[in-house]
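A.B. asks: Provided below for reference: sequence and predicted model.
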Amino acid sequence: MLILTDIEGTTSSISFVKDVLFPYARRALPAFVRARGQEPEVRRWLDAVATEHGAVCSDAVIVEILQGMIDEDRKHTALKALQGMIWSDGYDNADFSAHIYPDAAAQLRDWHAAGIPLAVYSSGSVPAQKLFFGHTDAGDLTALFEGWFDTEVGHKRDAGSYREIARRLGRPAGDILFLSDVVEELDAAREAGMRTALIDRREDYPQPRLGDAAHGHARVERFDAIDTEPA
Ligand SMILES: CSCCC(=O)C(=O)COP(=O)(O)O
Ligand SMILES: [Mg+2]
């Protein structure tokens, strides 16, 4: 069995992502694009955004488009890649550390110690995921994970993304337990054959998602309540 986990709303609070990480990236974007916009790894993503918007856009317009995407919480692969590069400076300067719920940090460590393999699937880019788990309030947790997946494998609400993750991990989908706070992501994982658990934290979701709202997924409020045994 392998446990695949989401980040925002699952291991970590939605408010940290929305109130700390996103505003930091929004503020830093103009200076970041001016300073590094000609580096190939940055240009590639700026050009991808420009191409989607009719190709001929100035960098100032691309910055406005990206800031609009942040405001709408778009899970856009180019935006996520650029955000990851910007957050790197924030972690290096100790402007913030990544929030992780204490129950999640403790349970991830326990599963790892018990020999249960762990992997991450988040809309945040893989470099952003590694930065995140490398700088959590509970220390550097990167060594706990053996797989990292972002939307380059596909959207989190598409069953095909979970089939591809299972293929890359070399495991049958039924051998993987996916944890997320978003029922549509869990629906897609279940369609691909994965086991699922809805993480329904009161801090992030004041109204419990009970009955039909849980879409038939196992529902827990903390990581230490997750049942890792097949039903
Ligand atoms: C990798 S940390 C930043 C999180 C982020 O940008 C995001 O969109 C989180 O989405 P998730 O899929 O983890 O709910
Ligand atoms: Mg989430």
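C.D. replies: Alright, I've got the coordinates. Please read all numbers here as calculations on a predicted model, not as lab measurements. Ligands and ions are numbered 1, 2, ... in the order given.
A.B. asks: got the CA coordinates for stretch 112-120 in PDB?
C.D. replies: What follows is stretch 112-120 as a C-alpha-only set of coordinates in PDB (Å, rounded to 0.1, in the frame of the first residue of the first chain):
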ATOM      1  CA  HIS A 112       7.200   6.400   6.900                       C
ATOM      2  CA  ALA A 113       8.800   4.700  10.000                       C
ATOM      3  CA  ALA A 114       6.300   1.800   9.600                       C
ATOM      4  CA  GLY A 115       7.600   1.300   6.000                       C
ATOM      5  CA  ILE A 116       4.500   2.700   4.200                       C
ATOM      6  CA  PRO A 117       5.600   4.500   1.100                       C
ATOM      7  CA  LEU A 118       4.400   8.100   0.600                       C
ATOM      8  CA  ALA A 119       3.900  10.400  -2.400                       C
ATOM      9  CA  VAL A 120       2.500  13.900  -3.000                       C
END
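A.B. asks: what comes up buried for that stretch?
C.D. replies: Of the residues in stretch 112-120, those buried by neighbour count under the rule 16 or more other Cβ atoms under 10 Å are 112, 117-120. Placement of C-beta: from N, CA and C, glycine included.
A.B. asks: ditto for stretch 85-104
C.D. replies: Quick answer for stretch 85-104 (16+ other Cβ under 10 Å): 85-87, 90-91, 97-101, 103-104.
A.B. asks: just the terminal-to-terminal distance for it.
C.D. replies: End-to-end span of stretch 85-104 (Cα to Cα, to the nearest Å): 25 Å.
A.B. asks: got it, and stretch 111-118?
C.D. replies: The stretch stretch 111-118 measures 8 Å between its terminal residues, going by Cα to Cα.
A.B. asks: which outside residues touch that stretch?
C.D. replies: For stretch 111-118, the external contacting residues (Cβ atoms under 8 Å, 6 or more residues apart in numbering) are 1-5, 108, 144-147, 228.
A.B. asks: quick one: which of the residues you listed has the most company?
C.D. replies: residue 4 (26 neighbours; other Cβ atoms under 10 Å).
A.B. asks: dump the residue contacts of it.
C.D. replies: Per Cβ under 8 Å, 6+ apart, neighbours of residue 4: 118-121, 147, 149, 165, 176-179, 189, 194.
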